[in-house]
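S.K.: sequence first, predicted model second:
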Amino acid sequence: MWDYVEGVLDESIIAGKYVKKAYERFTNDLERVGDDDFPWVFDVEVAAKYITFIETVCVHTRGEWAGKKFILSDWQVAFIGQLFGWVHKDDVKKRRFTTAHFFVARKSGKSQLAAAIILAMAVLDDDGAGQFVTAATKRDQAKEVFDEIRRCVKRSPALGKRFTANRQEIHGPKDCIIKPLSSDANTLDGLSLNIGCVDEMHAMKDGELYRVLASSMGSRKSPLMLAISTAGFVLDGVATEFVNGGKKVLDGTVKNDNLLFLCYEIDKDDGDEWDDPEAWKKANPGLGASISMDYLQKQCNNAKLYGGRTITEFMVKHCNLFVGAQDIWIEDDLWMCESNIKQPIDTSSEKVDAYIGLDLAATDDMTAFSVAVGDPQTGVQLSNYYFLPERAVQRRLERDETHIYSHIDDYKNVIVTPGNVTDYNVIRKMISGHYVMDGKVQYDPNNLSEKYNIKGVAYDRWNSLSLIRDLEGDGVPCDPFGQGYASMSFPSKFYEKLALEGKLHHGGDEVLRWMMGNVFLKLDPSGNIKVDKSKSGDKIDGVVAAIMAIGEMLTFEEEEVAPNFEFFMSVVGM
């Protein structure tokens, strides 16, 4: 521990600004021992007891090290040493730190470290009927640390004698219990916690779960609110509030002697670049052990190759920076690469399967639909069509005569209908061939149903009912398609993947190209994505329609063909 602290402070160990400040605080606090306003002492023997317990009885549970003793790295020793070594000068069983917020990049062994801390407290704290909770926004995430504890109990002979574990809870010495808990649990009442371990704080929408857990610790002498997390995609969430608060403590602008705060991140504000391997060491203290430089370099190369969101994800996951949505989703030179501009699938001689995405706007605005053909693994070809009322074009050009609408006659796939509203009859005629004229239903054989074998039309339920009812009556299969993250994230990521690999054959559609430049990409705390119309610079209806068409294709593929797991994982970036 002392070697690590000294190495950070003399810069022989590469560390970020706030890790240095954390250990400056540690050494300064050692000098405060004995002051009237500082009732804490650092007890080396107490710290060593917890560290020795972890290294003696806890084991690795995954990979090549499974079953072997969990020997802590220096940076882990320094964290646990501070956590347990600072005690009250009159009572070694009363610890100084009742709150610990620990932020570090992915694959640094956060879950394993948290599991070891919980097990050490369950055995060594000597507190009757102890309650230990692993918590997160969703139960599946809450079970990440819990399952690590359970596997450790099953693999360690020493722990196996003291604990009994099942999939829902773990029972241990002196009637202690360890269980997972999420904010969507039926009740959070009746708790008297020794520890509340909040995993992946970046995914928390609000601080309610944290507040409830923290408020349940009043009857314990040395409770601990432990939050472990990597950075996330939300710039104004609970996690960023806690990070900013922790930094204020380390800056000395706020006093909180009961908070232990460590944040391993690159120093972006001081000039660190996200693609600098030397800077990575600041966010990845386990580099060379839990994560390799080769792995990080590979991820960095992929981010440079694909750009856009892949850079954002690298900065969040591996540089431990909170980063919002990118202004540019897919860079134009990648979008307009030669293979994307081509349309290699011949639809003139054979009636191929097709999937349609319909983004139906208000009648006085733009409507778009996209026809997707091809194969999701080898390439998808898009044909987009746009519909606008004449009055909407005029209104826009009155405000901005240089707008893309000034060249609208040059785009053969843009249909301007007379009057103030879009004529849905025109859209119906193009898709099914049926339309109403003089009060009678007519049929035009020059339609998409004759050209393609339409497997489904994906549509947003909002404002679509009359047209969808007509299409279904014409024999066109239609499927409602949600606009939230659950429905849009996977096809959006797949759309992006195809474009970046040169497999999204859009034919150089200039309207779609313009819309791609307008996209504001919205990310939720878990990294799910969708395009956001309300925040985008201008129209993106064709992008939404194309994503829905691809989503319809993927849904159909999943229903008819056994899913390819490796293919799915490659799309979601795992």
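M.R.: In hand now; what should we look at?
S.K.: now do Leu250 against Leu521, distance only.
M.R.: As for Leu250, its distance to Leu521 is 33 Å (criterion: CB to CB, to the nearest Å). C-beta here means a position set from N, CA and C on the backbone, and glycine is covered the same way.
S.K.: again, but for Ser489
M.R.: On the measure of CB to CB, Ser489 and Leu521 end up 11 Å apart.
S.K.: and for these two, which residues touch both?
M.R.: Counting by CB atoms under 8 Å, 6 or more residues apart in numbering, the residues touching both Ser489 and Leu521 are 529-530.
S.K.: for these two, indicate the residue with more neighbours.
M.R.: Leu521 (23 against 20; other CB atoms under 10 Å).
S.K.: and the top strand by length along the chain, which strands flank it?
M.R.: If you go by DSSP state E, the chain has its longest strand at strand 379-389. Using DSSP bridges, strand 379-389 pairs in its sheet with strand 367-375 (antiparallel), strand 414-417 (parallel), strand 504-505 (parallel).
S.K.: send me it as CSV with only the CA atoms.
M.R.: Extracted C-alpha coordinates of strand 379-389, given in CSV (Å, rounded to 0.1, in the frame of the first residue of the first chain):
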residue,chain,number,x,y,z
GLY,A,379,-25.8,-6.4,-47.0
VAL,A,380,-29.1,-4.5,-47.0
GLN,A,381,-30.3,-2.3,-49.9
LEU,A,382,-32.5,0.7,-49.1
SER,A,383,-34.9,2.6,-51.4
ASN,A,384,-36.5,5.6,-49.7
TYR,A,385,-39.5,7.7,-50.7
TYR,A,386,-40.5,11.0,-49.2
PHE,A,387,-43.9,12.8,-49.3
LEU,A,388,-44.5,16.5,-48.7
PRO,A,389,-47.5,18.8,-49.1
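S.K.: after it, which helix or strand is next?
M.R.: helix 390-399 (DSSP states H and E).
S.K.: what's next to that next one, contact-wise?
M.R.: Contacts for helix 390-399 (CB under 8 Å, 6+ apart): 364-366, 403, 405-406, 408, 416-420.
S.K.: over to stretch 470-488?
M.R.: Under CB under 8 Å, 6+ apart, the answer for stretch 470-488 is 357, 424, 428, 431-434, 449, 454-461, 468, 524, 528-531, 547-548, 551-552, 555.
S.K.: where do the strands sit along the stretch 151-300 of the chain?
M.R.: Assigned by DSSP state E, counting those that start in this stretch, the strands in the stretch 151-300 of the chain fall at 164-165, 170-171, 177-182, 195-199, 224-229, 259-263.
S.K.: of all those, which one is nearest Lys317?
M.R.: strand 224-229 (11.7 Å; CB to CB).
S.K.: quick one: strands adjacent to the closest one?
M.R.: Going by DSSP bridges, the partners of strand 224-229 are strand 99-103 (parallel), strand 195-199 (parallel).
S.K.: now stretch 109-122, how far from the chain's geometric center?
M.R.: 24 Å (CA atoms, centre = their mean, to the nearest Å).
S.K.: please apply the same query to stretch 50-57.
M.R.: With CA atoms, centre = their mean, you get 33 Å for stretch 50-57.
S.K.: just stretch 159-169 next, same as before
M.R.: 31 Å.
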